[in-house]
Each structure stands twice: as structure tokens, then as C-alpha cells.
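[1] Quick one, fold the following:
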Amino acid sequence: MQKKIIDKIRIAKFLASYNVGSRREVEKMILEGRISLNGQKINSPVHFVNQRDSIKLDGKLIIFKKFTQIYKYYKPVDCICSKNKQDDRKIVYDILPKKFKNFIFAGRLDVNSEGLLIITNSGDITRKLELPQNEFSRKYRVRVYGYCDEKKIEGLSKGKIINGMKYKPFTYKIFDKNKKNFWIELCLHEGKNREIRELMRSINLQVNKLVRVEFGPFKLGDLKPGDIQLAEKKEIEEYESYIRKI
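    As a prediction, this is how the structure comes out:
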């Protein structure tokens, strides 16, 4: 599957999508005078390009042909979904093998959450997966502490405004409901920051484990924390079929 011609985007973002470097690294290359665009050296990242442009790095023409790669990664707890270090805590790129350093991820999870991230060399795929209007489902298994009030959960599942934030409806299944620590499976169609934790807190349930097990057609399967593997052919075909329909 080769990358199609796309509308022009900022040169740093464009080159990062072809694994030339991160956006910051590309911007640094530009400031150092290492990149030329259509025969002219540039010294500002404020240029918009696509595959039709001639771009050279250190005098060598960059060839814009590659096969899209999609991987499934089990993000463990206590690491941050970020490209750049914020503090002493680990980011996903500290744990991923070095060959993925210029890949990007879709499906951000907070530091205390774990489970499925999509790792890819295609910015187009991450954008399409994360666009709210595309409504890719996200399924989570969540262990919560507290009293299982099914009426409250049912009401919450119809959509609710919490502290001025509107949360869309979701579907759910409850497991071990007679225990103080019970599991609930949630299927959502948006990815608001700390959405599940806020929803559960609103009905006096405390989340003590949150695992994303599906993102659109991609499934976590038997992966363990820190594992990464290529997406299955049928998952990719299902993704492509869905995208063609929207």
C-alpha cells in the first residue's frame, strides 16, 4: 500500500511522516541549511509541500515512496504517550525498539492506563483513526471499585454533561457485579482526555485498572505489556474498507 498524493502540508510534518526525522529534528535541519526545496536552500520551516516537490537533504534527493506499516503496541502503565521527554518519567519511545523512533502513534492513553496503541509510519492513518467524525470505536476493560449501581451506569451510558463537558453515549457490559472490585467493558466512539475516569467518578466508582483492548478493527489480542507486532492483514483490510465508506 503506497502513500497517495496528498494536499500540501508543512515541510517538517511532511518529512517526519517519511521518517526523515521528528518535526523538531527536521526544523533543526532547515535552520542548519541542510534542506533544499525545488532547488533552493530554505531557512524557515514555513513551507508547504507534497510528493510533487523536489526536496534534498545534504544534497541527496529524498524519494517519497514507502510501504505503510501498521503495528499494534501494548503500552504499559507508568509511561507517557509523548514524542518528547517532559520529565524523568519514561515515554513510549524509551521502551519501543529504536527502529520505531520516527514512527507515530494513534490512540493516546494517560500515564496510568495501558493497552492498545497503533504505531505507524503514516500520518494519514493516525489522523483518520483519531478524527472524531470518523467514529472509530474504542473498547476498554476497566476494573472499578465501588457499588455497582446498574441504573446509574445505564443512565450514564446514554450520554451526560459533567463539569461542562459533554460525553457521548457508550455501550457496556458488567462482569462480577456483586464484588466491590468489578470489571466493566466499555465501547466508546470518542477519545476525550481521561474520559472513562471522569465518567466513573461521576457515579462514585474509582478506576484502578484501565486497558484498551480494541481501537477500530485493531485488537490487542494476546499481547503483553511492552509487546509490539504487525497488525493482521484482516485488520488492515477492515480499516481500509471502513475508510472507503466514509
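[2] got the residue ranges for the helices in this structure?
    11-17, 23-31, 92-95, 123-130, 150-156, 195-201, 233-245 (DSSP state H).
[3] Please save the CA atoms from the third one in CSV.
    Output of helix 92-95 as CSV, limited to C-alpha atoms (Å, rounded to 0.1, in the frame of the first residue of the first chain):
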residue,chain,number,x,y,z
VAL,A,92,6.7,5.2,24.9
TYR,A,93,9.8,5.8,22.7
ASP,A,94,12.1,4.9,25.6
ILE,A,95,10.5,1.4,25.5
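[4] what comes into contact with that helix?
    Residues from elsewhere that reach helix 92-95 (Cβ atoms under 8 Å, 6 or more residues apart in numbering): 73, 75-76, 79-83, 100-101, 105, 117, 226. To be clear about C-beta, it is placed using only N, CA and C from the backbone, and glycine gets the same treatment.
[5] What about those residues, which one has the most neighbours?
    residue 75 (27 neighbours; other Cβ atoms under 10 Å).
[6] which residue sits closest to it, ignoring its sequence neighbours?
    Distances taken as Cβ to Cβ, 6 or more residues apart in numbering put residue 117 closest to residue 75, at 4.9 Å, once the chain neighbours are dropped.
[7] returning to what we had before: would JSON lines of the helices of the chain with mean neighbour count, distance to residue 218 and mean pLDDT be doable?
    As requested, the helices of the chain are arranged in JSON lines below (neighbours: other Cβ atoms under 10 Å; distance: least, Cβ to Cβ, whole Å; pLDDT from 0 to 100):
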{"stretch": "helix 11-17", "mean neighbour count": "23", "distance to residue 218": "20", "mean pLDDT": "88"}
{"stretch": "helix 23-31", "mean neighbour count": "17", "distance to residue 218": "25", "mean pLDDT": "93"}
{"stretch": "helix 92-95", "mean neighbour count": "17", "distance to residue 218": "16", "mean pLDDT": "94"}
{"stretch": "helix 123-130", "mean neighbour count": "18", "distance to residue 218": "9", "mean pLDDT": "91"}
{"stretch": "helix 150-156", "mean neighbour count": "13", "distance to residue 218": "26", "mean pLDDT": "96"}
{"stretch": "helix 195-201", "mean neighbour count": "19", "distance to residue 218": "19", "mean pLDDT": "96"}
{"stretch": "helix 233-245", "mean neighbour count": "13", "distance to residue 218": "5", "mean pLDDT": "93"}
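[8] Just tell me which of these ends up closest to residue 181.
    helix 195-201 (12.7 Å; Cβ to Cβ).
[9] dump the residue contacts of the residue lying closest to residue 16 once chain neighbours are set aside.
    Closest residue to residue 16 apart from its sequence neighbours, by Cβ to Cβ, 6+ apart: residue 23 at 4.9 Å. If you count contacts by Cβ under 8 Å, 6+ apart, residue 23 has them with 12-13, 16.
[10] Residue 119 versus residue 230, what's the distance?
    Residue 230 sits 10 Å away from residue 119, going by Cβ to Cβ, to the nearest Å.
[11] Name all residues that make contact with the spatially closest residue to residue 97 that is not a sequence neighbour.
    With sequence-adjacent residues excluded and distances taken as Cβ to Cβ, 6+ apart, residue 97 is closest to residue 228, at 7.3 Å. Neighbour list for residue 228: 71-74, 96-97, 100, 119 [criterion: Cβ under 8 Å, 6+ apart].
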